[in-house]
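Chemist: A predicted structure for the sequence below; I have some questions about it.
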Amino acid sequence: METILTLAGIFALTLVFVVGLRAAGWSDFAGPSTAPQQRPVLGGGDPQTHAWQRFHARYYTMTLLFVAFEMEMMFMYPWAVIYVAEGGKALAEMGMFLAILSVGILYGWREGIFKWE
Amino acid sequence: MGMTWITRLAAGARVPVFIAMGDGAPAAALTLSRHPGLSVVDTPRAASILLVAGQMPDALIPYLHRLHDQLPHPRATLLWQSPPIPSLPDAIAVDADDDIGRAVADVFAAVLEGKRASAPDILPDAPPSEWRGVGPHGQGGKGMMGGTPYGRPMAMTDDDIRDRLALDSYTAAFGPFLPFFPPGLVLTLTLQGDVIQKVVVTHPPFDHDGSPLATLLNLLGLPALATRSLGDRADDPVLRRLIQLSGARFAIPSGLGRLPDGSDVRTRFDRMTGAAPDAASQDAGDTTLEHLLVGLEWHAAMLVLCSLDPATLRDICKNSDTGDQDETQGESESEMHAGHMS
Amino acid sequence: MTLTAILIVAAALFGIGLFGALSQKSFVMLMMGLELMLNGTLLATVGFWAYSLGGLPKGQLLAILIMAVMAVELAIGFALVVAVYRKRQADVIESIKTLKN
Amino acid sequence: MTLLTVLGMLVFLCTSVWLAVALDTACRGWISGQGADRADGPLRTAALWLTQQRLTTEAPDRMNALLSIAGYMALALTGLALVPLGPDTALIALPTSVVLWGACEALVVVVVFLHGWSPNAPLAMIGAYRYVAIGLPIMLLSMFVLIAAALPAQSLDLRDIVTSQADVWNLIRQPLGLPLFLLLGLSLTLRGPFDYADSADLAGGTSVEASGPDRLGWQIARLAMLTEFSAMAATVFLGGYLGPVLPGPLWIALKTLLVMTLVIGLSHLAARMPVSRMMSLIWMILLPLSFADLIWAGLVAL
Amino acid sequence: MTKDILFYALSALAIWSGWRVFRVDSMIRATFALMVSFIAVGGIALLMSADYIGVATVFMMAVEMMVMGLFMVMFMMNPAGLNPMQMVHQYRFSIGAGIAAFVGLTVAILTTPLPDNPLPPGGDTLRDLGFELLGNSMLIFETAGVTLLATMVGAVVLSSASGRFGSAGQGSVPPGLTAGGPPAGRTAEDGKGHGGHAGHGMSMQKKPAMQAHDDHGKGH
């Protein structure tokens, strides 16, 4: 409970701080941006379309692999706590688990998913 | 308006300067980042002073206007060794032999204290195209992708040369005032994600040497070494050692940007740092920018662009598609552009 | 804060998720609905674990498995979306129905 | 007591943000042979940003622009609140604080992405997407390294991890740990060879469009994150508040500054490679290294 | 008391942000609204002293929603919601189903006697979970590993551009709008013919597909 209150407090504090930076009125020029000021920075060039688009993230396959691989963390945290108590058995178990998942990474690498598609 | 404590404090800051390189810019413009009172910034959004160094050809004046308006207020423009530009009546002229640091600091203080009005916009305050129109929300067209919401159309799908997943493409003129672009060069690039799909040379680079090693080091994320490389010590052993240590050579993929003479970005980088003997001159052959850049990811493409020596780059640009060589494409390109702007 | 209140919140999340999953035409939005339904399930599981199973470790394991299901659903779902888009250049559900030809 | 701790931490945060800028400019000045800035330089630049106009772009996502800056800062503060200052003094005392810090790391990727997404500008977008490509896989390294640190402590509580280092620091126990962890730090704080979000080849990347107060907020958040990361590294690898003679909080402050200097120096001296190359490097070389680190730590702990 | 207030606040946040997922135009906002919903649920779990599950939910979901955001932006038209979005079908039916599910579940909850066996205070739930994983539920644990491996392989096979069966590009020719007609959505080449109206030509090309969406959208 204290954790949640602290976290909420921290977020509120930073939000107030950033809004305060913007609204403190220290600038004599705090007006809204004009249309030419709003143009995106391209070194003087002008774009034909909005930048928001169906953006081709070249590493999309990697992210899918990552989501599956990262799930293993959920099992690893509780494992870490009892590792010393369980000893060698725990090491073997987790070694096997990681070995299984590493096969997935190797497969992905062989298929070339860590390159820009 | 006036001097509050905060403006007084701000007036003592390093002056953030954005440099717009023109033709025949003074050699000192390249080493300005070594000036103790100035900080040369990457983006106009962070600058207070726009420094136009050298003469600006007419073709680049519209680009200069757009750049000028992108600076936040308070702002001012200095013309350094440049003939007056009629559309910039407020700009302050600085001669070749004046102390540029002094001149910039004076203008900066004057603007900040309110003694000098912040430079007004040049371009009219209107969205890039009319957009109150047909749609129920005034987006100017029917459907989800139609019209010109907020004054610009939305990107449309295009074929992808790399993995054939046809997503949206983004076309824009990049440069000439990007800090890592060779001075004067404007490229109309079509990007899909961060991969370049199409290159058109809209304006060739100036006949101007630039500082390719510093730019390359900056691109490799080594700004401090870049500044050091601009120093007056011709053969700096510490610099060479630090570059070696940084793994810059390893950071450049081998075989990137290969020219007919067999040199790639890595060997050209070696020549610049003095790790390899200087070749007499690069031979561009009939290489085009299309050959060099298309299919590359942004960072790699910029490394290729900045590794070329200026004369070679100009040759390559002459070989390349300049927008009007290919009649139909150039036309549709520019008309499409005009269509959106009108 | 009682088990009943927690379960009602979980039911609300499930209901919204069901609405989303049924109403959205886009495959990716449909997956959001599914995730929201699983979110409700997750909440209910943790609620049961804390209030009526006396902290049985299997309850926590079930919660982890729900998250694993989400991860698998997400990875395979999006891989399918990519595959379908390559074929059809569309991501709406109707286009999957005609994938056969 | 809690109030005192909070005030003390805020004072420390302000000081170390200042020191970070000073160290950064000094380092840059030293390497570039240009000389250092004046001591009040950072404050004056901050004042300048406050007096500048805050620009927005065409149709920006205003809500996310605000939330990304505040969120990045909040994550830094959260991490700092997790750091134990004494045997029983941590602002957030949670038995799973290592996992909570992992959540902060994951959310950093989200807020940096949002920072690049919200201005609706091409260079910022490329920066945002690049950061995701690196920020996601590099998180795995830190997870393995932190789990390896949790093994001898038999707990996911940072307080227990500190006490488990009474005899020997984790720096010695898992020699690969700190180097791998520092790489993550460079990525979290958007620095040096891992500066894929705000890099120079995008004219500033995600912050290319930030001006005035927003630029100030983002820079403060980055430096706060640097402080937070250094404090975390000091806690996990350098024994945290443990140390002779001096009081605990002073030890952690000193160790934090030490790690900070290391991170800043590293960021100026290592080159950045194209993002796809780095992605392969993380998955194929650094990740197996972190496996090796975990196995090493596991064998030592038995 | 504080705990109750926190619980209701977090519940309201979870439900509200869950609802926003389907009401906002921007895909990025929708994705991260869903993330907020997950974080709120994680917070509630933390209130119930599920220290591990609560925090781990935030951790996992932040990552998953980031990935989801990438794909949302990749594959949705108008990903930022610059034009208003409505891509729904069977709208009324879905609302009905959602409400019915909620009411049905609520009635079931209210009428069923729930066993009351609260978590014993002071237990180390994380250790319990660890022993469970390496003890009774070891099979589940290893099965999960194999399932995740299968997921990884499946995801790579389905989405990778260059598979063992040749380039996926061969399959990327879009279908015709009419049987045997020219491919749809190929705008780059087609657009040229329209000269000055190339920009609008593109939207014209897209129209048939969009019209279909609009027709369905009117149902709402």
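Modeler: Looks like it came in fine.

Chemist: hmm, the longest strand belonging to chain B touching chain A?
Modeler: In chain B, taking DSSP state E as the definition, the longest strand is strand B:195-203. Yes: judged by CB under 8 Å from any CB of the partner chain, strand B:195-203 comes into contact with chain A at B:V195. For glycine as for every other residue, the C-beta is placed from the backbone atoms N, C-alpha and C.

Chemist: Name the nearest residue to the residue most central in space within chain E, sequence neighbours excluded.
Modeler: The residue lying closest to the centre of chain E (CA atoms, centre = their mean) is E:M68, at 6.5 Å. Nearest non-adjacent residue to E:M68, counting by CB to CB, 6 or more residues apart in numbering or on different chains: E:T31, 5.2 Å away.

Chemist: Do me a favour and get the backbone dihedrals for B:S82.
Modeler: Note on B:S82: backbone dihedrals following degrees, to the nearest 10 are phi -130, psi 140.

Chemist: I'd assumed B:A53 was in contact with it.
Modeler: Yes: counting by CB atoms under 8 Å, B:S82 touches B:A53, with 7.1 Å between them.

Chemist: What are the boundaries of the strands in the stretch 1-150 of chain D?
Modeler: With DSSP state E, counting those that start in this stretch, there are no strands along the stretch 1-150 of chain D.

Chemist: I should have written chain E there, sorry.
Modeler: Counting by DSSP E, the strands of chain E are E:162-163, E:166-167.

Chemist: got the contact list for the residue nearest to the centre of chain E?
Modeler: C:V28, C:M31, C:M32, C:E35, C:L74, C:F78, E:T31, E:L34 (CB atoms under 8 Å, 6 or more residues apart in numbering or on different chains).

Chemist: separation between it and B:Y63?
Modeler: Distance, E:M68 to B:Y63, using CB to CB, to the nearest Å: 39 Å.

Chemist: Could you do B:L30 as well?
Modeler: Counting by CB to CB, the gap from B:L30 to B:Y63 is 20 Å.

Chemist: list the contacts for D:V108?
Modeler: Counting by CB under 8 Å, 6+ apart, D:V108 has contacts D:Y72, D:L75, D:G135, D:L188, D:M225.

Chemist: and with 10 Å instead?
Modeler: D:71-72, D:75-76, D:79, D:131, D:135, D:139, D:187-190, D:225, D:229, E:62 (CB atoms under 10 Å, 6 or more residues apart in numbering or on different chains).

Chemist: Likewise for B:R14?
Modeler: Applying CB under 10 Å, 6+ apart, the residues near B:R14 are B:35-41, B:105, B:108, D:25, D:37-38, D:41, D:44-45, D:48.

Chemist: Kindly recompute the last result at 6 Å.
Modeler: B:S39 (CB atoms under 6 Å, 6 or more residues apart in numbering or on different chains).

Chemist: sorry, back to before: can you give me how far the longest strand of chain B is from the chain middle?
Modeler: Centre-to-centre, strand B:195-203 and its host chain are 14 Å apart (CA atoms, centre = their mean, to the nearest Å).
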